[in-house]
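>>> model this:
(4 chains)
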There are 2 protein chains.
Amino acid sequence: MPYARVKGSRLVEFDSDEDSTSWRPVARARTYELVIDRVEEQILTGGLRVGDRLPAERDLAKMLDVSRAAVREAFRALEAQGVLRMGVGTGPDSGTTVAALPSPALTRLLRLHVALANFPVADVVRARIMLERESARRAAARARAEDLERLGELLDAMDDPDCDRQRFNDLDTEFHVRIAEAGGNRLVADMTIAIRESMRKPLLEVFDRLGDDWFAIADDLRADHRSIYRALLDGDADGAESCTEAHIRSFYRHGWADEL
Amino acid sequence: MPYARVKGSRLVEFDSDEDSTSWRPVARARTYELVIDRVEEQILTGGLRVGDRLPAERDLAKMLDVSRAAVREAFRALEAQGVLRMGVGTGPDSGTTVAALPSPALTRLLRLHVALANFPVADVVRARIMLERESARRAAARARAEDLERLGELLDAMDDPDCDRQRFNDLDTEFHVRIAEAGGNRLVADMTIAIRESMRKPLLEVFDRLGDDWFAIADDLRADHRSIYRALLDGDADGAESCTEAHIRSFYRHGWADEL
DNA sequence: ACCATTCTATGGTCTGACCAAAGGCAGGCC
DNA sequence: GGCCTGCCTTTGGTCAGACCATAGAATGGT
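As a prediction, this is how the structure comes out:
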């Protein structure tokens, strides 16, 4: 019923040979896209709310008169966008439900976006500065004690002489991510994380390329971090903001001096 | 070869019964997610660049030792994120290729998420202010003559008495998007567009809810726009920045006064 | 009443088949 | 020779049916 079907699962709007004029090409649509439309329709009309369960794949396939594979591909696409959540079993957490927290999907997409679009490094750096200034400002005002404690631990770990470049990079990433999260703005934090993550590998390559210069540079970075940390402890929003910007700028100058 | 396989296509890292201690739970992962990882790996390491073709589904399935269905579900998820493009046939546009511009996908995803109220409005507004301040500052310094000309046209169009709320909203959206693009930072512009687009519908609903108050508010918005425009013409970065922030704040106060 | 077993519903995966689209290539017609 | 026609190959799109893995629910024995 839902779709006009012609042999071989080709989907058409009408299919008559009577006339040679107006051979309007048939509406192209892949089956799984039609399934997506049906699901979105239900969501937008309120037929499905956050947390609601969709019919089982087999049932929905029967209802829409398509194969289970088509339903699954549609679900996959929606799951990839964070709209659906799929789980096995029979309990309350089972089945396919409308998701509530799509943040990871957003982060992943943004990360890929940055990697793929081949943005100029300068653009990415400017975006990072913008985002992290905002996060630092907010974090100075509202970071909780446990956030600050964790930041202190990270700084101590980075001071460890056994800390190699890879580990330093990981700790550095976490330091910045924690500040973004402490800022309390989920959307801004997600964007910050995505961009910092997207630069993680290139950054590590720069570290390796530095040779023995790295030790001096790492000391500078540690000092920068301490400055930011102190500003956060003091609740000094302006200081946190400017220290963060200076830190990021000097950070990238070591690797991409010519592009900035 | 790629994966340790145990009967029934369950994927494990190790599978020994010899010891009762350290029954570290096996790494949980769905097959199609592993396929996604492989593809992303190729993209992030530069093994796959924009426009490159992936192996045919059947071939990749053989190479990764998974079923074609698993490959297809992985591709669907990536396609839904705008990372891949799939086309039939044999020509240059056929096969599965790495997509050029995930921007539309990013916009769609952000819009969906904000629409589902997964982010507090206050967070979205703060993100908008941060992004558009940056764009305005840059645009003041480097907007081209044609950018400014188009902005002027938009302002004139918004002054038209025949301009209804829907059209006003569209013009307003374009005004902000143009400024973001004039800023010259593609990454920042994409994020700006995504967020502004995501608020388009909710904003329109607010407009409608305002009743006759709308006329006075629209006048305020027009005046704000003119101020921003003048600052851009003057190359006044600080002015453009502060006018933009003030504009966005007052804009949202009309619709979500209690949440800001 | 409690615990182990079995049932059942649901997503996860595989296999193999056929359909549909689109460029490539060869053969035939002018 | 040049051009058109129709088959061939490649590749994604879809389907059908089967079996596995998981986790709550129902069952039954002690």
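
>>> which parts of the stretch 151-260 of chain A are helices?
Assigned by DSSP state H, counting those that start in this stretch, the helices in the stretch 151-260 of chain A fall at A:165-182, A:186-198, A:200-209, A:213-234, A:237-256.

>>> now for those, which one comes closest to residue B:248?
Nearest to residue B:248 among the helices of the stretch 151-260 of chain A is helix A:186-198 (14.7 Å), distances taken as Cβ to Cβ. Quick note: C-beta positions are derived from backbone N, CA and C, even for glycine.

>>> tell me how far that closest one is from the chain's mean position?
Offset of helix A:186-198 from its chain centre (Cα atoms, centre = their mean, to the nearest Å): 7 Å.

>>> who touches it?
A:103, A:106-111, A:113-115, A:124, A:127-128, A:131-132, A:134-135, A:173, A:176-177, A:180-181, A:183, B:119-120, B:123-124, B:126-127, B:130, B:187, B:191 (Cβ atoms under 8 Å, 6 or more residues apart in numbering or on different chains).

>>> skipping adjacent residues, who's closest to the residue nearest to the spatial centre of chain A in space?
Most central in chain A under Cα atoms, centre = their mean is residue A:107, positioned 0.5 Å from the mean C-alpha point. Nearest non-adjacent residue to residue A:107, counting by Cβ to Cβ, 6 or more residues apart in numbering or on different chains: residue A:194, 4.7 Å away.

>>> so the nearest residue to residue A:246 once chain neighbours are set aside versus residue B:246, what's the distance?
For residue A:246, ignoring the flanking residues on the chain, the nearest one in space by Cβ to Cβ, 6+ apart is residue A:224 at 7.0 Å. To residue B:246, residue A:224 is 33 Å away according to Cβ to Cβ, to the nearest Å.

>>> tell me which of those two has more neighbours.
Neighbours per residue, other Cβ atoms under 10 Å in any protein chain shown: of residue A:224 and residue B:246, the larger number sits with residue A:224, 17 against 14.

>>> quick check, that one in contact with residue A:242.
No: Residue A:224 is beyond contact range of residue A:242, at 11.3 Å (criterion: Cβ atoms under 8 Å).

>>> the residue nearest to residue A:107: neighbouring residues, count only.
Count around residue A:194 with other Cβ under 10 Å applied: 21.

>>> how far away is it from residue A:144?
23 Å.

>>> repeat for residue A:202
Between residue A:202 and residue A:144 the distance is 32 Å, computed by Cβ to Cβ.

>>> contacting residues for whichever residue of chain A sits closest to DNA strand D?
Of all residues in chain A, residue A:91 sits closest to DNA strand D, at 2.2 Å by Cβ to the nearest atom of the strand. For residue A:91, the contact set (Cβ under 8 Å, 6+ apart) is empty.

>>> I'd assumed it was in a strand, is it?
No: assigned with DSSP: H, G, I helix; E, B strand; the rest coil, residue A:91 falls outside any strand and is coil.

>>> check what pLDDT it gets.
For residue A:91, the pLDDT comes out at 79.

>>> which bits of the stretch 101-250 of chain A sit near DNA strand D?
Within the stretch 101-250 of chain A, no position is near DNA strand D by Cβ under 7 Å from any atom of the strand.

>>> so, low pLDDT: which residues of the stretch 101-250 of chain A?
A:101-103, A:117 (pLDDT under 70).

>>> can you pull out the strands in the stretch 1-150 of chain A?
A:5-6, A:10-11, A:84-87, A:95-98 (DSSP state E, counting those that start in this stretch).

>>> for the spatially closest residue to residue A:163 that is not a sequence neighbour, give me its contacts.
Leaving aside its chain neighbours, residue A:163 sits nearest to residue A:157 (6.6 Å; criterion: Cβ to Cβ, 6+ apart). If you count contacts by Cβ under 8 Å, 6+ apart, residue A:157 has them with A:163, A:167, A:171.

>>> now the residue lying closest to residue A:63 once chain neighbours are set aside: phi and psi?
Spatial nearest neighbour of residue A:63, excluding adjacent residues (Cβ to Cβ, 6+ apart): residue A:55 at 6.5 Å. Residue A:55 has phi and psi values of phi -60, psi 160 when expressed as degrees, to the nearest 10.

>>> and for residue A:211?
Main-chain dihedrals, residue A:211, degrees, to the nearest 10: phi 70, psi -140.

>>> just to revisit the earlier point, ok, the residue nearest to residue A:63 - how many residues close by?
Neighbours of residue A:55 (other Cβ under 10 Å): 14.

>>> again, but for residue A:226
15.

>>> that one and residue A:156 touch, don't they?
No: using Cβ under 8 Å, residue A:226 makes no contact with residue A:156, being 10.7 Å away.

>>> neighbours around residue A:134, how many?
Residues lying near residue A:134 (other Cβ under 10 Å) number 26.

>>> pretty sure it sits against residue B:131.
No: using Cβ under 8 Å, residue A:134 is not in contact with residue B:131; the gap is 9.4 Å.

>>> and for residue A:38, nearest residue in space, chain neighbours not counted?
Once flanking residues are discounted, residue A:38 sits nearest to residue A:64: 6.4 Å by Cβ to Cβ, 6+ apart.

>>> what do you get for residue A:48?
Spatial nearest neighbour of residue A:48, excluding adjacent residues (Cβ to Cβ, 6+ apart): residue A:42 at 4.3 Å.

>>> about what we covered before: how near is the residue nearest to residue A:246 to DNA strand C?
Distance from residue A:224 to DNA strand C, counting by Cβ to the nearest atom of the strand, to the nearest Å: 44 Å.

>>> cool, residue A:75 as well?
Taking Cβ to the nearest atom of the strand, one finds residue A:75 at 7 Å from DNA strand C.

>>> dump the residue contacts of that residue.
Counting by Cβ under 8 Å, 6+ apart, residue A:75 has contacts A:57, A:84, A:86, A:96.

>>> among these, which two are most distant?
A:57 and A:84 (11.4 Å).

>>> who does the residue lying closest to residue A:95 once chain neighbours are set aside form a beta bridge with?
Closest residue to residue A:95 apart from its sequence neighbours, by Cβ to Cβ, 6+ apart: residue A:53 at 4.7 Å. Under the criterion DSSP bridges, residue A:53 forms beta bridges with residue A:97.

>>> how many residues are close by residue A:53?
13.

>>> pretty sure residue A:55 is touching residue A:61, no?
No: contact criterion Cβ under 8 Å: residue A:55 and residue A:61 do not qualify, at 9.0 Å.

>>> from residue A:186, how far out is residue A:241?
Using Cβ to Cβ, residue A:241 is found at 20 Å from residue A:186.

>>> ugh, typo on my part, it should be residue A:245
From residue A:245 to residue A:186 the distance is 23 Å (Cβ to Cβ).

>>> rewinding a little: export the contacts of residue A:75 as a markdown table, with columns for distance to residue A:151, neighbour count and pLDDT.
Output for these, formatted as a markdown table (distance: Cβ to Cβ, whole Å; neighbours: other Cβ atoms under 10 Å in any protein chain shown; pLDDT from 0 to 100):
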| residue | distance to residue A:151 | neighbour count | pLDDT |
| --- | --- | --- | --- |
| A:57 | 45 | 18 | 94 |
| A:84 | 36 | 21 | 90 |
| A:86 | 36 | 17 | 92 |
| A:96 | 39 | 22 | 93 |
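
>>> quick check: the residue lying closest to residue A:143 once chain neighbours are set aside vs DNA strand C, distance?
Of all residues not flanking residue A:143 in the chain, residue A:182 sits nearest, at 4.2 Å (Cβ to Cβ, 6+ apart). Counting by Cβ to the nearest atom of the strand, the gap from residue A:182 to DNA strand C is 33 Å.

>>> just checking, residue A:182 touches residue A:140?
No: Residue A:182 lies out of contact with residue A:140 (Cβ under 8 Å); the separation is 9.2 Å.

>>> please identify every residue contacting each of the two.
Counting by Cβ under 8 Å, 6+ apart, the residues touching both residue A:182 and residue A:140 are residue A:232.

>>> picking that back up, mind checking how far the residue nearest to residue A:143 is from residue A:136?
For residue A:182, the distance to residue A:136 - Cβ to Cβ - is 9 Å.
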